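> Quick one, what's the 3D model for this:
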Amino acid sequence: MDKKKILIVDDELNIRLLVRSMLGKDYTVIEASDGDEAIDIARSQKPDFILMDILMPKVDGYIACHAIKTEPATKEIPVVMLTAIGYELNIKLSQEMGADGYITKPFSPQDLRDTIDRFLTKPE
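Predicted structure coming up:
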């Protein structure tokens, strides 16, 4: 059975590497370093799940999430926002932009897996 494909969007390489190391054996992990790239990859590769940082150069996570969630071809992909700031306002704004969930940094591997498992059933 094919592994589910997860797109990690973060401008910090160390975060992408960390998430890849946590998820790489169970999922196919693809990466983007900004929102523009995330939108392109979402369109071209149709990942099963997107983990998106909010604060990024060029196009931020809110705008990229909104773009992905308003496009018919990509609107069904679950998007979970990833940020160092867990303010209620950020959570509310993420929801308004169409995000399906929210994880704050630092996060544990278990937090990450639990969140992904809520949206994806693990491959057998």
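
> Provide the secondary structure category for residue 103.
Classification of residue 103 using DSSP: H, G, I helix; E, B strand; the rest coil returns strand.

> and it, how many neighbours does it have?
By other Cβ atoms under 10 Å, 18 other residues sit near residue 103. (C-beta placed from N, C-alpha, C; glycine too.)

> mind listing what it touches?
When contacts are counted by Cβ atoms under 8 Å, 6 or more residues apart in numbering, residue 103 is found next to 51, 80-83, 111-112, 115.

> Let's see that with 7 Å instead.
When contacts are counted by Cβ atoms under 7 Å, 6 or more residues apart in numbering, residue 103 touches 80, 82, 111-112, 115.

> List buried residues within the residues you listed.
The neighbour-count test (16 or more other Cβ atoms under 10 Å) applied to those identifies 80, 82, 112, 115 as buried.

> How much space separates the second one from residue 38?
To tie it back to what came earlier, the one meant is residue 82. To residue 38, residue 82 is 12 Å away according to Cβ to Cβ, to the nearest Å.

> what do the two both touch?
With Cβ under 7 Å, 6+ apart, residue 82 and residue 38 have common neighbours residue 52.

> Hmm, which of the buried ones among the contacts of residue 103 is lowest in pLDDT?
Among the buried ones among the contacts of residue 103, residue 82 carries the weakest pLDDT, at 85.
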